[in-house]
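J.: sequence first, predicted model second:
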Amino acid sequence: MEITRHPLAGADTDQELGDLPADEALIGRLTRSFARFLPQGSVLAERFYERLFERHPELRRLFPEDLSEQRAKLLASLTWVIGHLQQPEKVRSKLLEMGRRHVAYGVQREHYPLVVAALVNAMGTVAGSDWSADLEADWLAALQLISERMCEAHNEVPPVNAKSHPTGYVVHGDGSARS
């Protein structure tokens, strides 16, 4: 059995694991399963936001009223990441860039696990009988690693300001928000 690395493993893992190859079987499973989601992409995005806001209504304020563009961005981002799993440095760079934008929107580190759980749940719903415990584990690990990369931006981005926050509020260090 060959030892491999997750294709979304971070740069910190590179030092520990050296030149271990990416897990090609995992890349194949993620790519094939995502290809099955794409024809139902709009349903997947709708289910994701429904789940997220049902379980965490406090997050709704971070999103625009009309979610059409947001749904398209979600699918485009997932499509891009899955399409570039063979290029880990490119993916890491893109995810860090996305993380920076999300920090500017007011996203907090503790929001990422909520998003991961809602997205995995939506994927399972959309996949139906094609969903399995193994596929759920693959996606859960992949989405957790994606969120970890995006969270790295919290280490470098200054606090949110009123110009970049969609609500027009300044989020202060004590967690309060005032206009």
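T.: Nice, I can see it.

J.: can we go C-alpha only for contacts and neighbour counts from here?
T.: Fine.

J.: tell me where the protein has helices.
T.: Applying DSSP state H to the chain gives helices spanning 11-17, 24-37, 41-55, 68-83, 88-105, 111-127, 133-151.

J.: in CSV: those helices, plus mean neighbour count and mean pLDDT.
T.: As requested, the helices of the chain are exported to CSV (neighbours: other C-alpha atoms under 10 Å; pLDDT from 0 to 100):
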stretch, mean neighbour count, mean pLDDT
helix 11-17, 11, 52
helix 24-37, 16, 91
helix 41-55, 18, 97
helix 68-83, 15, 96
helix 88-105, 19, 92
helix 111-127, 19, 96
helix 133-151, 18, 94
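
J.: in TSV: those helices, plus distance to Arg61.
T.: Converted to TSV, those look like this (distance: least, C-alpha to C-alpha, whole Å):
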stretch	distance to Arg61
helix 11-17	33
helix 24-37	27
helix 41-55	10
helix 68-83	13
helix 88-105	10
helix 111-127	13
helix 133-151	20
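
J.: ok, which of the ones you listed comes nearest Leu62?
T.: Closest to Leu62 of these, according to C-alpha to C-alpha: helix 88-105, at 6.8 Å.

J.: I'd like to know which elements the closest one is packed against.
T.: Applying 3 or more C-alpha pairs under 8 Å, 6 or more residues apart in numbering; DSSP states H and E, one finds that helix 88-105 contacts helix 133-151.

J.: the helix it packs on to helix 111-127, inter-axis angle?
T.: Interaxial angle of helix 133-151 relative to helix 111-127 (axes from the mean of the first three to the mean of the last three C-alpha atoms, to 10 degrees): 150 degrees.

J.: what angle separates helix 133-151 from helix 88-105?
T.: Using the same axes, to 10 degrees: helix 133-151 against helix 88-105 is 70 degrees.

J.: chain center to helix 133-151, what's the gap?
T.: Relative to its parent chain, helix 133-151 has a centroid offset of 8 Å by C-alpha atoms, centre = their mean, to the nearest Å.

J.: mind exporting the C-alpha coordinates of that helix to PDB?
T.: What follows is helix 133-151, C-alpha atoms only, in PDB (Å, rounded to 0.1, in the frame of the first residue of the first chain):
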ATOM      1  CA  ALA A 133     -20.200   6.900   4.300                       C
ATOM      2  CA  ASP A 134     -16.900   6.800   2.400                       C
ATOM      3  CA  LEU A 135     -17.900   9.600   0.000                       C
ATOM      4  CA  GLU A 136     -19.100  11.700   3.000                       C
ATOM      5  CA  ALA A 137     -15.800  11.200   4.700                       C
ATOM      6  CA  ASP A 138     -13.900  12.200   1.500                       C
ATOM      7  CA  TRP A 139     -15.900  15.400   1.200                       C
ATOM      8  CA  LEU A 140     -15.800  16.200   4.800                       C
ATOM      9  CA  ALA A 141     -12.000  16.000   4.900                       C
ATOM     10  CA  ALA A 142     -11.700  18.000   1.600                       C
ATOM     11  CA  LEU A 143     -14.000  20.700   2.800                       C
ATOM     12  CA  GLN A 144     -12.300  20.900   6.200                       C
ATOM     13  CA  LEU A 145      -8.900  21.300   4.500                       C
ATOM     14  CA  ILE A 146     -10.400  24.000   2.200                       C
ATOM     15  CA  SER A 147     -11.700  25.900   5.200                       C
ATOM     16  CA  GLU A 148      -8.400  25.600   7.000                       C
ATOM     17  CA  ARG A 149      -6.600  27.200   4.000                       C
ATOM     18  CA  MET A 150      -9.200  30.000   3.900                       C
ATOM     19  CA  CYS A 151      -8.800  30.500   7.700                       C
END
